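Q: predicted model and sequence below, questions to follow.
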Amino acid sequence: MPVEFAAAIGFLLIPTFIFVVTIAPVVERRMVAGRAAAEAARAFVLADDVARGQAAARSIVDQIDADHPFTLTLSRLTGDLGRGSVVTATVEVSMPVIIFPAVIEVAIGDYSATHQEVVDRFRSVP
Amino acid sequence: MRAFAPVVGTREGDDGYVTVQFVVAVAFSLVLLVLIANIIVVQYARGVVRAAAEEGAQAGSRLSATSLECEDRADEVLASLLGGAMGAGVTVSCTVGPTGVAATVQYTFTPWLPLIPAWTGSQASFAVKESPPS
């Protein structure tokens, strides 16, 4: 009986524990990447010109990145500030398959979050 | 006529074999299950804390919004999704600047098991502040 219990702990409980510990960071990275993409697009749309918009978008992504232990990258920012234009921002983050915070992390690739924001059709500037 | 040998052997030496090991193994398994359940609940709570920070930052990003509105919105999210004892260990603070908003939610959750340190941390969210045309 003790052997079976030891096997049950080794083959059932510990993998369950690792699974539970891994799920939250995966969900967190997806949500943070989505939030960063949305804020980057919004920062661009609210800017006075394209150059300031790009700088503001990178700045907000860097700010969010600095607050998390993983790396966020603004990989794409397209669009212009013409009225009714669609601005698209894409943020990438590495996605783990197994993670034990501060101990081990095995990544399977990058996850991309994309957000589109429309420039106000009745915008006053530029 | 020859008598058949008994098929089943004696159980001498097996007395009480299961008791101690069984209790220890089951107890350890249950402790681990409680720990897993605690982790799941804390992960939910951290998700709520993150959502509260994001909602607060978004509420504070409007042109006329102040840090009070940011904190009110974050508190509203926390009150609806994280009441009870867990919600009591959460505090919200917002900083509204001319170009950006930062909402920070700090939390301390009491562990369910002894010898485990309290779950402490913070979640911050940032948003671009609207500004009048220059």
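A: Everything's here; your move.

Q: would you map the strands across chain B?
A: With DSSP state E as the criterion, chain B has strands at B:90-96, B:100-109, B:119-128.

Q: ok, which of those comes nearest A:Ala37?
A: strand B:119-128 (13.1 Å; C-beta to C-beta). Using the backbone N, CA and C atoms, a C-beta is placed for each residue, glycine as well.

Q: hmm, the closest one in reach of chain A?
A: Yes: using C-beta under 8 Å from any C-beta of the partner chain, strand B:119-128 reaches chain A at B:124-128.

Q: what about the helices in the chain?
A: In the absence of a named chain, this looks at chain A. In chain A, the helices defined using DSSP state H lie at A:2-8, A:14-46, A:50-66.

Q: not quite, I wanted chain B
A: B:19-60, B:67-81, B:84-88.

Q: return the last one as PDB; C-alpha atoms alone will do.
A: I take that to be helix B:84-88. Extracted C-alpha coordinates of helix B:84-88, given in PDB (Å, rounded to 0.1, in the frame of the first residue of the first chain):
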ATOM      1  CA  GLY B  84     -14.800  38.600   2.700                       C
ATOM      2  CA  ALA B  85     -11.600  38.000   4.500                       C
ATOM      3  CA  MET B  86      -9.500  37.900   1.400                       C
ATOM      4  CA  GLY B  87     -10.700  41.300   0.300                       C
ATOM      5  CA  ALA B  88      -9.800  42.800   3.600                       C
END
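
Q: state the mean pLDDT of that helix.
A: On average, the pLDDT along helix B:84-88 is 90.

Q: hmm, who's touching that helix?
A: By C-beta atoms under 8 Å, 6 or more residues apart in numbering or on different chains, the residues outside helix B:84-88 that reach it are B:41, B:45, B:78-79, B:109-110.

Q: now a ChimeraX select for only the buried ones of the residues you listed.
A: This is the ChimeraX syntax for the buried subset of the contacts of helix B:84-88, where burial follows 16 or more other C-beta atoms under 10 Å in any protein chain shown:
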select /B:45,78,109
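
Q: ok, which pair from the contacts of helix B:84-88 is furthest apart?
A: B:Ala79 and B:Thr110 (19.1 Å).

Q: A:Glu92 is in contact with A:Phe70, correct?
A: No: with contact defined as C-beta atoms under 8 Å, A:Phe70 does not count as touching A:Glu92 (10.7 Å).
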